[in-house]
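> quick one, fold the following:
(chains A, B, C and D)
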Number of protein chains: 4
Amino acid sequence: MMGKARVEAFSDGVLAIIITIMVLELKVPHDASLAGLLALWPVFLSYVLSFIYVGIYWNNHHHMLHTVHHVSGSMLWANLHLLFWLSLVPFVTGWMGENHFAALPTALYGIVLLMAAIAYFILQLTIIRAHGSDSVLHKALGRDFKGKISPLLYASAIVLAFFSQALAGAIYAGVALMWLVPDRRIEKTLAS
Amino acid sequence: MMGKARVEAFSDGVLAIIITIMVLELKVPHDASLAGLLALWPVFLSYVLSFIYVGIYWNNHHHMLHTVHHVSGSMLWANLHLLFWLSLVPFVTGWMGENHFAALPTALYGIVLLMAAIAYFILQLTIIRAHGSDSVLHKALGRDFKGKISPLLYASAIVLAFFSQALAGAIYAGVALMWLVPDRRIEKTLAS
Amino acid sequence: MMGKARVEAFSDGVLAIIITIMVLELKVPHDASLAGLLALWPVFLSYVLSFIYVGIYWNNHHHMLHTVHHVSGSMLWANLHLLFWLSLVPFVTGWMGENHFAALPTALYGIVLLMAAIAYFILQLTIIRAHGSDSVLHKALGRDFKGKISPLLYASAIVLAFFSQALAGAIYAGVALMWLVPDRRIEKTLAS
Amino acid sequence: MMGKARVEAFSDGVLAIIITIMVLELKVPHDASLAGLLALWPVFLSYVLSFIYVGIYWNNHHHMLHTVHHVSGSMLWANLHLLFWLSLVPFVTGWMGENHFAALPTALYGIVLLMAAIAYFILQLTIIRAHGSDSVLHKALGRDFKGKISPLLYASAIVLAFFSQALAGAIYAGVALMWLVPDRRIEKTLAS
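Numbers count the residues shown, from 1 in each chain, chains lettered A, B, ... in the order given. A predicted model of the protein is given here:
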């Protein structure tokens, strides 16, 4: 009954702004020295990681919304809930980067990723419920291995962050790599 | 005579930016301590409240514009007037949060909410006038209980802010909760 | 041959961001006092003025693009040229506001308005040339009184700013008021 | 199989934000003096240069996407890869401007331009591969002289930056001028 164009446009806008304001945390060094530039490496590294994560969310969101026929009020709020957690990504990215991947910021980064994953799961569920179990999305997801393993990996990285930040960081990077492959399940089901 | 696509696109853009730049007030703490993070709770709390308010406005704006057939010059300006007051939300959110819900910032937060509510009311009126009393929006609104009670509640919270900020804050949260239910009246009328 | 949808979308995006980042110049006072808030009045006043100006540009841009059938390469650059001068509005707004309407910032504000007006005029010319003298825009503009008088008024305000900032400010406000009435000429011609 | 509307909308959003947040590096001087304003000239000059570059990318992106019929997963990521390098433009613009075109920042500016050019080339290749050698884009590009000479010029400017920043800057400006002429090859092929 409602068009999905504005939901896509608004989500695109918020995601585009999130991905771009993160770069503001990459504060311009006051001198022109190589040392000043190199001191930014942890902020840059966390920027790259978060850029990929927001890119993954945009990509999967793009595919998921593609299967939606009508937008309900609960979908709008499930979508805003997802955008809320993603809007915190620039904050935790900056905190983690500026503190050179210290324990607490690294754990909080995982908490925000975990909450975003849960919010994405809720949005997925809301869409499937509205369209019935015959929906394209439902068929496309199948066992949804990636969607189920990611929260577990985030949760373990949150705990690990207090013992080995390198290991926690490796898990965040690993999950991102796993998702970099776009959701071909939906692409395939749509194509068939 | 004019399409409404650009009005929606521009409003979506402004609302998406408002909702996202508010997070910039959540300034990254300079150390990695739990104390530094917890000190941000009033800024975070006011961010959550304002995120919900802007979300509500986006949601209701989405529904209201859905009933518009042709966009007039006065509608464009009534819409810009609404966006003006909403553009002040990040400012009052930051001021209220950073001052731990002190009296004056808490009152000013209510003033901006009140002005936005009045601007929304004017936009609604402009749309109804242009489409006649048979318009979908006019039928859908009915007595418009929520639209009438909200300004009264904001006004009382503005006064109360000077005596009990907790009570004023509770009213802001209460009005938000009341509106969280999307405007099903319009959804129903459109569906029938 | 080229669709105009992306030109509108990109312009909407840039204008939405310009109008919203201006509010970032309205820096949150560090205390919760009325004095701290009132000290912001010149910044707030210049924000209101610039919000109206960007709103006017968006409005007129919306009407002008409505008459365009095909977008050429020169139109894209004429449009970017306009957006360039408008992108400087937040800078001159902040400078004028923070310096309580001092002579030089008030003059520079006028220079940016003048350059934007010239850029708008060039864009208009580019569109009319591409569509021929039978174009809707050409007919709608007629003598284009407002478009011709505005640059003259800006130019006089730039000079006046060094003698009476109040007078220069009054001219800026006056031109804005004159334009607040949307471009009904185009609306009428389109409707007929 | 996937629509390209959201890819365009998201890219427009990111490019619009990049082009607009660059102006935030143009920090408002604290006094109203001419000296304070003139001290900003290197930041302003680098802003103008980067505005033109992002404008060129938007322009060419607009033309290139125009030839795309279906969007694949690899196109989405090739596009995000391009946006990643462009998102670093505000950072290198600010660093180069604030350090008055010192050697290292001027070289880094070229590195980001080079990486963006490579990312654009990869996106072009991904689109051509998906559409076959009969594609409009493939025909339109022809020998693609500009696309091949630009990376070479950027690379030479990166090295030159350590000997003569004026020469490196002249190369950046020259490449921009060369591209200012929009991609008429695609326009012509589409028109024929």
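
> surely residue A:111 is in contact with residue A:157?
No - between residue A:111 and residue A:157 there is no contact under C-beta atoms under 8 Å: 9.8 Å. Where you see a C-beta, it was placed from the backbone N, CA and C, and this is true even at glycine.

> the more surrounded of those two?
Taking other C-beta atoms under 10 Å in any protein chain shown, residue A:111 and residue A:157 do not tie; residue A:157 has more neighbours (26 against 17).

> and the next helix or strand past whatever helix or strand that one lives in?
Element membership for residue A:157 (DSSP states H and E) is helix A:145-160. Downstream of helix A:145-160, the first helix or strand assigned by DSSP H and E is helix A:165-180.

> compute the inter-axis angle for that following helix and helix A:145-160.
Relative orientation of helix A:165-180 versus helix A:145-160 (axes from the mean of the first three to the mean of the last three C-alpha atoms, to 10 degrees): 170 degrees.

> who's in contact with helix A:165-180?
Applying C-beta atoms under 8 Å, 6 or more residues apart in numbering or on different chains, the contact partners of helix A:165-180 are A:49, A:52-53, A:56, A:60, A:101-103, A:106-107, A:109-110, A:113, A:146, A:149-150, A:153-154, A:156-158, A:160-161, D:77.

> just checking, what packs against the helix of greatest length in chain A?
The residue-count maximum for a helix in chain A (DSSP state H) belongs to helix A:103-131. Applying 3 or more C-beta pairs under 8 Å, 6 or more residues apart in numbering or on different chains; DSSP states H and E, we find helix A:103-131 packed against helix A:41-66, helix A:73-87, helix A:89-98, helix A:136-141, helix A:145-160, helix A:165-180, helix B:34-38.

> between the ones you listed, which one is nearest to residue B:122?
helix A:73-87 (23.9 Å; C-beta to C-beta).

> and that closest one, what's buried?
Neighbour counts over helix A:73-87 (16 or more other C-beta atoms under 10 Å in any protein chain shown) mark A:73, A:75-87 as buried.

> restrict the residues you listed to contacts with chain D.
Contacts with chain D within those, counted by C-beta under 8 Å from any C-beta of the partner chain: none were found.

> return the item of those having minimum pLDDT.
Least confident of the buried residues of helix A:73-87 in the model: residue A:73, at 81.

> ok, residue A:69 - how many residues close by?
Counted with other C-beta under 10 Å, residue A:69 comes out at 11.

> now for it: which residues touch it?
Counted by C-beta under 8 Å, 6+ apart, residue A:69 has contacts residue A:131.

> helix, strand or coil for it?
What DSSP: H, G, I helix; E, B strand; the rest coil gives for residue A:69 is coil.

> roughly how far does it sit from residue D:56?
Here the criterion is C-beta to C-beta, to the nearest Å. By it, residue A:69 lies 39 Å from residue D:56.

> ok, now residue A:82?
If you go by C-beta to C-beta, the gap between residue A:82 and residue D:56 works out to 34 Å.

> again, but for residue A:92
Residue A:92 is 34 Å from residue D:56, by C-beta to C-beta.

> what's the answer for residue A:163, then?
For residue A:163, the distance to residue D:56 - C-beta to C-beta - is 49 Å.

> contacts (any at all) between chain B and stretch A:6-26?
Yes - Stretch A:6-26 lies within reach of chain B by C-beta under 8 Å from any C-beta, at A:6-7, A:9-10, A:13-14, A:16-18, A:21, A:24-25.

> in strands, which of these appear?
The members of the residues of stretch A:6-26 next to chain B all map outside strands under DSSP state E.

> could you restrict the residues you listed to the ones contacting chain D?
Okay, of the residues of stretch A:6-26 next to chain B touching chain D (C-beta under 8 Å from any C-beta), that's A:9, A:13, A:16-17, A:21, A:24.
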